Structures are given as C-alpha cells and as structure tokens.
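>>> sequence and predicted structure below; questions after.
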Amino acid sequence: MVGIVGYGAYIPRHRIKVEEIAKVWGANAENYKRGLMLTEKSVPAHDQDTITMSVEASRKALARAGIDPKKIGAVYIGSESHPYAVKPSGTVLAEAIGATPDVHCADFEFACKAGSEGMFVASGLVEGGSIEYGLAVGADTSQGAPGDALEYSAAAGAAAFIFGKSDLVATIEATYSFMTDTPDFWRREYQFYPSHAGRFTGEPAYFKHTLGAARGILERNNLTPDDIDWVVFHQPNGKFPMRVGKTLGFSKKKIEPGWLCPVLGNTYSGASPLGLTAVLDIAKPGQKILMVSYGSGSGSDAFIFKTTDRLLEVRDKATLTRTMLDKNKKYIDYGTYAKFRGKIKLKR
Amino acid sequence: MSTAQRYWREIPRRYRLEAAKCTKCGFIAYPHRAICPQCKNREFTAINLSMNCKLLTYTVIHVAPSQFEGQAPYTVGVVETEEGGRLTANIADVEPEDLKVGMPLRLEFRLIQEDGDQGVLCYGHKAVPA
Amino acid sequence: MRDVAIIGVGINKWGELWEKSLRDVWVEAALLAMDDAGVDHIDSIYTGSMSSGLFVSQEHLASLLADYLGECPAQSTRVESACASGGVSARMAYLEVASGQSDIVLATGVEKMTDVDGGGATFALATAADQEYEVYNGVTFPGLYAMIARAHMEKYGTTLEQLAHVAVKAHKHGAKNPVAQYPFEVTLEGVMDSVMVADPLRILHCSPITDGAAALVMCPLEMAKKLSKNKPIKILASVNATDTIALHNRKDFTTINSTVKAAEKAYRVSGKTPGDIDVVEVHDCFTIAEICVVEDLGFVEKGKGGAAAESGLTDLGGKIPVNMSGGLKSKGHPVGATGCAQLVELTRQLRGESGERQVEGAKVALAQNMGGTGGSSVVHILEVA
C-alpha cells in the first residue's frame, strides 16, 4: 500500500497585515478582512523563493521519513512561481537533499494545484513499483498585482511529502481528479502579475471543481462526510473553504485544523498541501483525511489519507506547521514588502 | 559575479555543505583540500557539515557590492558548525541589535545572489536564528 | 649574499589623476627615483600592481613599463600579492641585488584605480579575499575588517574613539605631506559621524581609492657611494609570510599572524628588536588594521593597540611614531604602490629629509605591508648605512 512516509512544511517569517496594504491604496481594511476572512499573510524575503522553501520543507520531510535520500526515485516541485522560466526547480532541490543522480525530475504547473499533482504522480509511480520513494512539493511565492484584491492574499509557503510503501505515517486510500478547461485566472508569458475574471473565479471555477472532486472521490469509494475525520480544501481566502465545506456537509471543526489561510494567506500550490501538514500535526492514528486541491484553469485533485501509529512516532522530528505559522513572526511595512517582492524597480 | 561553470562546481559545498575531515588530526576542511594544513596528511574522510552553528563575529554591510545593492544594509558573519567547520555567511531573519557573539544559529537554504537579470540564480546557505 | 642599499626614491602626487594613464603615473615616479639616485640606466625592474587587468584591462606590465621607461631590453617582472604587491616588489628587487644577479634594480609599485566606477573598484579589491567562500556571500573588504574590529572590541574592549584616533593621527601627519591625496586634518567627531560603510567602520576609517606610483633604486651597498651622492640606506631585512586567505579560517581574528611571523624573522635576521625601531610605516587600510599591526609587530602588548593610538604613543614625538607619511588613510592607497611608498617615506626619514614630519635622529625604520585581511605580509627593516 502506498502512502506518506514523511512530510514537512516551510513558512517564511515575515508577515504583512491587511491594514498595511489597504493604507497604501486607500482601501477599507475591514471590508477586505471580512470579505476574504483574512487578517495577514506571509511574505518571502528577497532571498526566498519556491526553490529555497522547497529545500527546507523537504529536509523536514526527510527528518520525519528517516530514509536515505539517495533512495528517492523522483523529485517534483509544483509551483506557479518557479524561479526560472526555463531550467527546472526540482534539480536544485534534488542536489540539495542529495538525491542525485539516480532520480527522475520534472517541474509541475497547473496554477495553484501544481503541488497536488506532483503528489498525484509521485505516489502513482511508487504504487506502480517503478520507484521506491517519491518526493513531491507544493511551493509558491506568487505575486498579487498592486492594489488588486489578490494582493491581500498572495502569500508564500511550501509543503513536502515523501511517498513510499513502508513505514507510512498515512496510507493513500483513494485519489480522484476532476478537470475542465475553465479560464478563471491566468498569466501570460512576460507578464509580471496574473489576471483573473473577478466573480467568475467563484462558482464556475473554484466551487464547481472542488465540489466535483470531493463528491467524485466520496461516491466512488462509498463514503460520506461522516466517514471523514478531517478535510482540507484549497484556500485562496478564508471564506471559500468554509463555504464549500458547509455545502458538502462537513462541520467547521473538521475544517479548522487545516484552515491556515486567515493568518497565512493563499500559498497557491502550497495551500492545500500545507493544510494537510497542519492536519497531520494533530491527527490521531486511524483517522481519515480528505484533501481537495484546486488549480485555476481549472481542476481539483482529491486524496483520502488514513493515518497510522507511526505518525505519532515521527511527528516531533521536525517543526509543526502551526508553530511556524504562529511563532517568531516579524511584521513588515508596505515599503519593505514592496522591496522584498521586487515591486520596486532596482537598477540592474 | 559567478559564471555558470564556476557556480556549478561549488554545488556540493554550497548546497550540501560537503567537507572533509583529516584522518590524522581531525582538521575540518571546508572546502575539501588535497593536503591538511595542520599535519600535512593527504587522507580525508568525506563529511557533511551540520546545519547547527554558532556566531563568532559579524558586521552590517551598508555599502554593498553591485549584486547585493538592493539588499543593503545586510548582516554577514563568521559561524562555526558543530564539528568545527568555519564559514562566512550572510545572516538573515534577525536584527543586528539582537545578535550576540556566541549565539546559536542554523544554516538555511537561501538565494545568495543573481548574475543580473539574465544570469544564473546562485543558491547557498545563510545563517538564521536557531 | 651582498648587502643592499636604497640610493634613490621617487613618489608623485597621489589622488584622482584623471589626466594620467597607468603608464604616465608609473613613469613619472620611476624617473623621479632614477633622478634622485643619479643613475641613468637600470638592470632590472620589479613592479607591484594588484590588478591592472581589472582596473585598466592591461596585463603584461613587465613589457609596457620597461618600454615606456626606455629601458628595454632590461629584465622586468610584475608581481602581485593584493595590497602587499609593493612590498613584495621591493623584496624581489632586494633579492636580485643581494644575489649578485643585478647591480641597479628599480623596485616599484603602481595602481590606476579611477578608470572604473565605485562598483568596479569594489569588485577588483574583493579579489584579495576568498572569492568562492567569502565574497560569494556578500562580504566586502570593509566588512571583513569590520568583523576584525568587532572581534577586537569584544576581546580587548577597544573603543570606537580609539579607532577614530588612528584616522585623526593619520591626517594630522598627512596634512604635512606634499604628495598625500588628502593633505588636511580631520576631527574625532568628523570621523565618528561619517557615513557607515560596514558596522563599525565608517567612511573615514577606510583608506581611499587612489591613483599613484612609488619607486626605489637599489644597488649593492659597496657600490652605493660610487653610484649616488645620497646617504645610502641599508636594507637589513626583507621578509614575507602568509596566513589563511579567508578570515574565517584564522585561529584568532584579532591577530595578523602573517605580520607576526614576518616581523619575527625580520627582527631575527636584522638583529633588531621592537625597541630599536625609531620610525614605522604600517598598512592602515582600515583604522583597525593599524591597531592590530602595532600589537603584532611587538610595539605594544596584544590588545593595547587602541590605547596606543589614543594616548599619542604612535604620534610624531611619541615613543613609536607610526605613519608619519599620513598612512594609507591620508596619503592614499593605490594598492600596488603602497608597499614601495612606505619605503620611500622611511628612506627619507632616515636621510633626515622629512621636514615637518621628521622623526629626530631616526636611525632604524620598519615597514609593514599586507595583502587582503593579512593573507600575506611583508616586513622591511632599514638602517642608515
């Protein structure tokens, strides 16, 4: 049986509050806080990117997995903010953790679900028997256009998972993918900021696919929300995951541990994967976790995991996600934020 | 400035902190060396430096070289890893006034510099609060 | 080995010499030295230059300079040891005369630093440090010395005022030096308030970017009186030593071991002790450097270098006059030229030609020149013949 052998998260230290951003654009902070159910977001420093965060998250996953990195047969980073337009992020990660050269590598992209698709493929390869262990990371340092609604939520973070067939902390009970061509959010080449279709990103995009994948996986496996102990949704803001959870019939209590967005922001390809790490940090053995990602363009990957006893043995071998989220935070102002995010044109 | 080839050659040291320990006197060579400067022995064991280190001395750079210009002021220092390896490293995520010689730090993977807008992205480790 | 004497010295006005190219600057100083000595030809030329390639895209100085001095087919060699290039140039010249290979040898140093912008100069100077393990991480030259300063302050309680006193003293004497780049005094407050470069070193703690050259004519002591009417100055010792290139590999950040070792040997070879030295030139690339070096040369106990600067011990009239020329701080620091310029100053001091900066009755002098953060050091001891 294939499953998660080790998992790890990385969240940068810096935070910016909704008020700081609203101040610059003359916007009403309270409206945004209410509308997005979000108070602050994480900010990567100028020296942090998808690659650096993936390395740190993967090192934590290795600490929990306790395996020789040379046995990793595939390394996948899924992101919509890969540092290079052409040159893989995954090769840097593979070198940094010592998995090279006997390893397959590819960078994944599908807006914010690039992380979960890496998980989908890596676990599939392990299940098929062609590799012993597979590492998949969801990481992003996405940009929100200045003054746009997305600027309040576009954040940074990474979550890494090592899949294998033995010494599992959680088994993969089922997977299902639901996908259509729905242009709700995109970025053309050479554009620095993404574009989106406003309210169209809601019902026909996020909700249709999240619901489609969630209902699909439950039905195909004869399960109902009552059979699931914890659920993690893609979280572009605090509201959407709560609403989709309610529509499906999940209680707030089941959603809360994996609901990081209100104080983290939207970590795009890292979003539902990071939520999953937070759930793994508190779950008891024998519990079922449903994770449903969402990527604009559009599609959702759904997974059902079941935790094992080993989870309790290795959980404390690396920093818990909530610890990274809540402790050692450093608040910055908009000027510092703009400097970190390259929104100020420096002379090169 | 780092050309692609000069950068690539240093990957084992910069990404994995690969070092060498003299089999005779225990001198830690980071980077590796052909001959031990302490005892002239030519045999070494391959080791990877640990990520845990302590701060030996530091300064805040206000006038920076061109590829670090937008980052000034930033802190650099000399750190010593658990096994005695010495490194010069950029120190991040901590204010200079909170630094104390002797304090514990941790090495974290970061982007160190870029070769302009078109060149290679250069990664390595910076020291952050433990 | 024959005894070697310096019979001629030459140094031009240092500064931002926009109108003069590298070869112009160098030839000027070389001719001044030859004229001072009274010689009309040269057997061999040594030139110290840290990086003519990075500053003016010119290598092969051996040929260029012999050519423009009109001395082809003379032997000619360019030497490099970062900021110790000038000292090493003098050492090579000394060895060539001492060995009997040549009789009249020109030891020179030059640097033309203003044909690149600030960033270009910083880049070139940083090549004195470990490129892959120090410079890669964003540390600069002032940054490396700032870390030495912090270590010295932590270990010995050296104060910011003491550091500033070194700069004040340098300018006090440089103000009287007609060739200095900055021949004016500075105040303690002015130094301590100047723009921060790398904490705790401010701009007035740092030597400047300078164009300049310096030259010496050396010959066997036994020929000195025949060749020149100048009082011959004998070279008692010319010693070179090294230390790790990276500051992080030093056992003690506050000790410049290459200077300690070079000085130990120089004292031994010359039969002199620190107490015998009447006048000194040290490599004050940054104020903290002078503090460490005054200790490492054995003039004061380790850790007391700051107090020495503050108390006037190293002033004109003090027990150990250091940097009567104005040092690198006030006189300027055309990198490759500095080591030779120190010997030019000391030769004049020993001849009694230093005017307002004269150390009365000076008979024995010592020059310390170093490269990078002390990866290499050269120590010379001179005596009136």
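On my side now, so go ahead.
>>> so who does C:V39 touch?
C:7-8, C:104, C:217, C:219, C:227-228 (CB atoms under 8 Å, 6 or more residues apart in numbering or on different chains). All C-beta atoms are positioned from the backbone trio N, CA, C, and that covers glycine.
>>> residue numbers of chain B in contact with chain C?
Within chain B, the positions adjacent to chain C are B:1-2, B:6, B:10, B:13-14, B:30-31, B:37, B:56-66, B:68, B:71, B:74, B:76-78, B:86-90, B:96, B:101, B:112-113, B:122, B:124, B:126 by CB under 8 Å from any CB of the partner chain.
>>> select from the residues you listed every entry located in strands.
Those of the residues of chain B next to chain C mapping onto strands are B:56-61, B:74, B:76-78, B:86-90, B:112-113, B:122, B:124, B:126, per DSSP state E.
>>> ok, and which of the residues you listed reach chain A?
Applying CB under 8 Å from any CB to those, one finds that B:90, B:112, B:126 fall near chain A.
>>> which of the residues of chain B next to chain C are buried? Put it as a PyMOL command.
PyMOL command restricting those to the buried ones, with burial defined by 16 or more other CB atoms under 10 Å in any protein chain shown:
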select buried, chain B and resi 1+2+10+13+14+30+56+57+58+59+60+61+62+63+64+65+66+68+71+74+76+77+78+86+87+88+89+90+112+113+122+124+126
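>>> out of the ones next to chain A among the ones in strands among the residues of chain B next to chain C, which is nearest to chain C?
B:N90 (5.1 Å; CB to the nearest CB).
>>> I'd say the closest one and B:V78 touch.
No. B:N90 lies out of contact with B:V78 (CB atoms under 8 Å); the separation is 11.5 Å.
>>> neighbour count and pLDDT added to the contacts of C:V39, as JSON lines?
As requested, the contacts of C:V39 are arranged in JSON lines below (neighbours: other CB atoms under 10 Å in any protein chain shown; pLDDT from 0 to 100):
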{"residue": "C:I7", "neighbour count": "28", "pLDDT": "98"}
{"residue": "C:G8", "neighbour count": "24", "pLDDT": "98"}
{"residue": "C:I104", "neighbour count": "23", "pLDDT": "98"}
{"residue": "C:V217", "neighbour count": "28", "pLDDT": "98"}
{"residue": "C:C219", "neighbour count": "25", "pLDDT": "98"}
{"residue": "C:L227", "neighbour count": "19", "pLDDT": "95"}
{"residue": "C:S228", "neighbour count": "20", "pLDDT": "95"}
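>>> now, which of the residues you listed lie within strands?
Residues of the contacts of C:V39 located in strands (DSSP E): C:7-8, C:217, C:219.
>>> with those in mind, which one is nearest to A:A283?
C:V217 (84.6 Å; CB to CB).
>>> name the nearest residue to the closest residue to chain B within the stretch 251-385 of chain C, ignoring sequence neighbours.
Closest residue of the stretch 251-385 of chain C to chain B, CB to the nearest CB: C:F253 (5.8 Å). Among residues not flanking C:F253 along the chain, C:A151 sits closest, at 3.9 Å (CB to CB, 6 or more residues apart in numbering or on different chains).
>>> against B:Q113, how distant is the residue of chain C found nearest chain A?
Here chain C gets closest to chain A at one residue, C:G138, 10.0 Å apart by CB to the nearest CB. From C:G138 across to B:Q113, the span is 7 Å (CB to CB, to the nearest Å).
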